[in-house]
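**Q** Prediction below, plus the sequence it came from.
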Amino acid sequence: MDWVDILIIFFILIEIVLIWYNKITKLNIKDIIKDSFEILKTNKKSESIFIKSEIVVIFIIPLFISLLLAFRYKLLNADANGLINMENMNLMIGVFSIFTGFLVNLLAIVLEKFVYIKSENDTKQEIVGKTKIAKNLYRALMLSTVNSILIIIVSTFTIIIKPNNAVLFTIISACMYYLIIVFFLFLLMVIKYFHSLYIDR
């Protein structure tokens, strides 16, 4: 990794920090992510708390799996084996660009159909239940979309800098494995909420 790569990483980090902490910019998605994580909470004694088992399954276990997969290839050349090579990164950009477009279309459909989920014969409790499922479906779609965009960004970043440093290679590998695993867990969540919404029609 030469000085040009270091400058690229430096300016990307500055961009991320400015977007994340600048409340004026319209690119700040912190509130979207924060609201979307409400899907992992449950109401208990009039207080919203995170469901620990879901946090472990969705975030903690995939982290360990990703690290193990990344360290498996840490001594190999970046283009020789593992997930991180230019061909795979181009494939990731193509595949997850399609996923992103698909998820954005699903978001539009969910928002459009949200007003039609209620039936005239529904009780107040049923309406509350359907509304909660619809909101959770929206949140799961948002998390999946953001995750998909992150995969595209990391893939593009990898193609630009072409990592040949073992440490950087391991970090990027772990990030990619983690994002992909979590993406498909969010996708399962989306399918589950679509099913729940259909069953409760």
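**A** Arrived safely. Values in this document were obtained by computation on a predicted structure and should not be read as measured data. Numbers count the residues shown, from 1 in each chain.
**Q** Ranking helices and strands of this protein by mean pLDDT, which lands last?
**A** strand 47-50 (a mean of 64; mean pLDDT, DSSP states H and E).
**Q** how close does Lys41 get to Ile33?
**A** Going from Lys41 to Ile33 by Cβ to Cβ, to the nearest Å gives 14 Å. Bear in mind the C-beta positions are built from the backbone N, C-alpha and C, glycine included.
**Q** Ok, Leu141 next?
**A** Counting by Cβ to Cβ - Leu141 and Ile33 are separated by 13 Å.
**Q** In stretch 176-194, which residues have enough neighbours to count as buried?
**A** Residues of stretch 176-194 classed as buried by neighbour count (16 or more other Cβ atoms under 10 Å): 176-183, 185-187, 189-190, 193-194.
**Q** where do the strands sit along the chain?
**A** All strands of the chain, identified by DSSP state E, fall at 41-44, 47-50.
**Q** ok, now which ones touch the residue nearest the centre of the chain?
**A** Nearest to the geometric centre of the chain sits Asn147, at 2.2 Å (Cα atoms, centre = their mean). Neighbour list for Asn147: Leu179, Val182, Phe183, Phe186 [criterion: Cβ atoms under 8 Å, 6 or more residues apart in numbering].
**Q** where in this protein is pLDDT low?
**A** Applying pLDDT under 70 to the chain flags residues 1-2, 22-25, 43-49, 73-83, 114-124, 126-127, 200-201.
**Q** just the helices in this protein please.
**A** For the chain, helices defined by DSSP state H occupy the ranges 3-21, 30-36, 52-55, 61-72, 86-113, 124-161, 166-199.
**Q** which of Leu141 and Ile33 has more neighbours?
**A** More neighbours surround Leu141 than the other of Leu141 and Ile33, with 25 against 14 (other Cβ atoms under 10 Å).
**Q** Distance check, the more buried one against Val154.
**A** Note on Leu141: its distance to Val154, by Cβ to Cβ, is 21 Å.
**Q** From what I see, Leu27 and Trp20 are in contact.
**A** No - counting by Cβ atoms under 8 Å, Leu27 does not reach Trp20; the two are 9.3 Å apart.
**Q** okay, those two: which has more neighbours?
**A** Higher neighbour count among Leu27 and Trp20: Trp20, with 14 against 9, using other Cβ under 10 Å.
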